[in-house]
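>>> Below are the sequence and a predicted model for it; my questions follow.
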Amino acid sequence: MINLYLLFIVITSYCTFITQEIIGLNEFIAEGLPLSLGFTYLLFSNKKIAIYKTPILLTLIYISYLIFLTLAVVLINQQNILKIIFVYQYFCAFILVAFIWSDRKVAPVYSEYIYYIIAILSVTSSLFGILQFLGFNILVPIDINRARGLSRSTLNFSSLAMLGFIASQNISRKDIKLICATIIFFGILSSQSRGALSAILAYFLIRYSKNLGVILLFSLIMVILFLSLHIATDIYSEINNLLILQERLENAYSTSNDLGNVQRIDTWLKIFDEFTFWGIGVGSTGPAADRIVPGTGYESFALALLAHGGVIGIIYYSLMLLSFYKIKNFFTIKLFAAIGGILVMMIVQQTYETPTVNIITWILILTLIKNEKSLIN
């Protein structure tokens, strides 16, 4: 159960409060050390890597290109050589793809364990997030690196909770699925993330596009929740988080009243000025980049991926899509919905540059793919 072991390692990274505040590690080591241990174990515990598989080979070639490009950018612009560290994101993805894609033993029962672990992890963190939202800072203070739930930031928490919501929807037992999904949904509300709510909306619209009853029920629940929020803000006006959540939801898609959306649009426009044919290499995007070299501040992980490799990156991602064309026979609506929801989050948030979010995403998507293939076969 190599991948299951790795998932437990990811959980250790997910609970950054434990590794930072109790063990006393700084935020880079707190998240990087458990993942490094997990990947080291993964690398030396299984020697069967299907390197000849097209997606794996393409990823390895692209990583080599990014390393060469980043080194060139560092030397030409006299930047910090530590910038090359950020290529580990691609290495993590490569190792996961290589081993999970090569594993022929993945079965629906095995996949169920992974869905349960991700869902329970998100439920636990969501309960902390809900209590913090209501002002009960039990065990985990809310001011630890803008922490919410058990994550080191509200954006991390919302992204991880969204992945947990998708995982919960793939649990076979309906009662557990409903309980987990409900708690995680309120956890996402407590994160005040419009991106996560939009991702869940996209997920539901795609997955239940052929079931009008489910769509209507989901829409009714959303309307009731928003009406309840308005009533709650009038009754409990002293709870500042309720007022903030109401304002953020009302301006969720406003391009004039919401500063976050204005900044997001600005970064989308900025890429036309900064985008280059060859790309800018890794380590120049995301909040962590400013610790080493000046960061571009993209509010979108999708933009960051395009900026890293330029036109070469676009070609790579296009070839990756074509290489996965052979899985079309088991590319079900369930899998398409999950990828659609994750894509929404990639477009509007940059948290997929965080190792834990990135790794859980790969584990979830690859497990869904292997599970669907096993069921159909």
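That came in fine, so what should we check first?
>>> ok, now which ones touch residue 309?
62, 65-66, 69, 279, 316 (CB atoms under 8 Å, 6 or more residues apart in numbering). C-betas here are computed from N, CA, C, even on glycine.
>>> And for the closest residue to residue 319 other than its chain neighbours, the neighbour number?
Among residues not flanking residue 319 along the chain, residue 58 sits closest, at 5.6 Å (CB to CB, 6 or more residues apart in numbering). Counted by other CB atoms under 10 Å, the residues lying close to residue 58 total 17.
>>> Adding pLDDT, distance to residue 84 and neighbour count, write the contacts of residue 309 out as a markdown table.
Output for those, formatted as a markdown table (pLDDT from 0 to 100; distance: CB to CB, whole Å; neighbours: other CB atoms under 10 Å):
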| residue | pLDDT | distance to residue 84 | neighbour count |
| --- | --- | --- | --- |
| 62 | 90 | 15 | 21 |
| 65 | 93 | 13 | 18 |
| 66 | 92 | 9 | 24 |
| 69 | 92 | 10 | 21 |
| 279 | 87 | 14 | 23 |
| 316 | 88 | 19 | 20 |
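>>> Going by distance to residue 35, which of those wins?
Proximity of the contacts of residue 309 to residue 35 (CB to CB) peaks at residue 66, which lies at 19.1 Å.
>>> By residue count, tell me the biggest helix in this protein.
With secondary structure taken from DSSP state H, the chain has its longest helix at helix 108-133.
>>> quick one: average pLDDT of the helix or strand just after that helix?
Note on helix 108-133: by DSSP states H and E, the next helix or strand toward the C-terminus is helix 154-168. The average pLDDT within helix 154-168 is 89.
>>> avg pLDDT for stretch 137-150?
Rounded mean pLDDT across stretch 137-150 is 64.
>>> and that stretch, how far apart are its ends?
Terminal residues of stretch 137-150 are spaced 12 Å apart (CA to CA, to the nearest Å).
>>> likewise stretch 166-176?
Taking CA to CA, stretch 166-176 runs 13 Å from one end to the other.
>>> Pull out the buried positions in that stretch.
Under the neighbour-count criterion of 16 or more other CB atoms under 10 Å, stretch 166-176 has 166-171 buried.
>>> Same question for stretch 306-324.
For stretch 306-324, the neighbour count (16+ other CB under 10 Å) marks 306-310, 313, 316, 323 as buried.
>>> thinking again about what came up before, which of the contacts of residue 309 sit farthest apart?
Top of the distance list for these (CB to CB): 69 and 316, 12.1 Å.
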